[in-house]
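Colleague: I would like the atomic coordinates for the input below:
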Amino acid sequence: MRANKMQTKFGGRVVRIFTIFRGSVAALVLSACAQIDANHLSTTYLDQFATPNPTLAEFPVCHGFGCAVVSRASLSTKEWRRVVAVFRPPAKNAQAERQRIARALALMQILVGEKTGTGVHQWTHKDMLILPNYGDKTQLDCIDEAVNTWTYMTMMERDGLFHFHHVAKLAHVGDLSDLNVRNTAVLQEKDGDYFAIDPSLVDHGAPPPVMPLSTWLGPWPPEISVANASIE
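Modeller: Alright, predicted model coming up:
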């Protein structure tokens, strides 16, 4: 048993180095081909994997790393009412609304996870980095999390649950000067600042940290305490 653990640990390091290198190359390709603006916002993964008009009757759910698997899910009216209840009474300001959104996203993960088999401990999420999944399709990386979060928030916004925010494009960072390749969903205050909302930093069913996009784009990993302060 001890030998297996040592072998797994060593193998994890080797694969992780390869994964980082591969991600860096992909980042360079993305930077060259995609339309990324000054805030590192892009629709590349949304164009590939998201549905422009997700509905309760059917919406895509990415998992397995890099949207290797795209399942189709649905929510009943009763289930959606649980999500709506998180926003009642309406938030009085943008900070409070971000807190509601984080809680609603955690609930969506639980509801959807029961249907797609992803409602499990995300053992690949460790110390705010994502380890190789070794083919485990129940695990989600930052691409899966970003696309799914965009989908869930888009459904919330279109149901009139947001009063202080719009759902923005996804943010992407990663090149040879920053090997921590990462992606996240983004909220924008109406006529205001951008905020990253990143479930890949926490386990399944936990409210994701919300932080100024400038913090998320900065030195990695971010200070979660700083991120939490932006939603409290």
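Colleague: for the chain, longest strand please?
Modeller: strand 178-189 (DSSP state E).
Colleague: for that one, packing partners?
Modeller: Packing contacts for strand 178-189, counted by 3 or more C-beta pairs under 8 Å, 6 or more residues apart in numbering; DSSP states H and E, involve helix 2-33, helix 94-116, helix 142-158, strand 165-167, strand 170-175, strand 194-197, helix 213-217. All C-beta atoms are positioned from the backbone trio N, CA, C, and that covers glycine.
Colleague: just how off-centre is it within its chain?
Modeller: Centroid separation for strand 178-189 versus its chain: 8 Å, with C-alpha atoms, centre = their mean, to the nearest Å.
Colleague: go on, stretch 109-118?
Modeller: Counting by C-alpha atoms, centre = their mean, stretch 109-118 comes out at 15 Å from the chain centroid.
Colleague: and if you look at stretch 144-158?
Modeller: With C-alpha atoms, centre = their mean as the basis, stretch 144-158 stands 9 Å off its chain's centre.
Colleague: before we move on, what about stretch 210-220?
Modeller: For stretch 210-220, the distance to the chain centre is 14 Å (C-alpha atoms, centre = their mean).
Colleague: can you give the contact residues for that stretch?
Modeller: 39-40, 98-99, 101-102, 128, 171, 173, 178, 180, 182, 184, 186-187, 193-198, 222-223, 226-227, 230-231 (C-beta atoms under 8 Å, 6 or more residues apart in numbering).
Colleague: mind listing what's buried in it?
Modeller: By neighbour count on 16 or more other C-beta atoms under 10 Å, the buried set for stretch 210-220 is 210-213, 215-217.
Colleague: just name the shakiest helix or strand of the chain by mean pLDDT.
Modeller: helix 2-33 (a mean of 35; mean pLDDT, DSSP states H and E).
Colleague: now for the buried residues of stretch 210-220, which pair is the farthest apart?
Modeller: Spanning the widest gap among the buried residues of stretch 210-220 are Val210 and Leu217, at 14.3 Å by C-beta to C-beta.
Colleague: so how far is Arg100 from the closest residue in space to Leu161 that isn't next to it in sequence?
Modeller: Distances taken as C-beta to C-beta, 6 or more residues apart in numbering put Phe87 closest to Leu161, at 4.7 Å, once the chain neighbours are dropped. Counting by C-beta to C-beta, to the nearest Å, the gap between Phe87 and Arg100 amounts to 5 Å.
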